[in-house]
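Trainee: Sequence and predicted structure are below.
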Amino acid sequence: MQVTRTRATNRQEQLAHAGAVRCIHIGRKSGSVYATGGEDKKVNIWSLGRPNAIASLAGHTSPVECVSFDSAERTVIAGSTG
């Protein structure tokens, strides 16, 4: 008997930032949201399975180096070096 394995993949390309992505954090509560920080000084909030950011936060004066959610996934904390 021959066993054939197939692997389904569902990849989608996302344009996250105008420059390189510096950091990413996946929400631990649901595992279905994530935040990215980039060289473009923005934080983007994403929902898994959606091709576009659900929110984009600006205001940093230098590239975003770290992002994190609070335990309830209601607040995003981000930091930059500038």
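Mentor: Yep, it's here.

Trainee: Report how many residues lie close to Pro51.
Mentor: Each residue near Pro51 was counted by other CB atoms under 10 Å, and the total is 10. Every C-beta, even on glycine, is put in place using the N, C-alpha and C of the backbone.

Trainee: For it, what are phi and psi?
Mentor: With angles defined as degrees, to the nearest 10, Pro51 shows backbone torsions of phi -80, psi -20.

Trainee: do the same with His60
Mentor: Note on His60: its backbone torsions stand at phi -70, psi 150 [degrees, to the nearest 10].

Trainee: pLDDT value on it, please?
Mentor: The confidence metric pLDDT takes the value 95 at His60.

Trainee: go on, the one 3 residues further on?
Mentor: According to the per-residue confidence, Pro63 scores 97 in pLDDT.

Trainee: For stretch 52-65, which residues meet the burial criterion?
Mentor: Using 16 or more other CB atoms under 10 Å as the burial criterion, the residues of stretch 52-65 that qualify are 53, 57, 60, 63-65.

Trainee: Alright, calling it a day.
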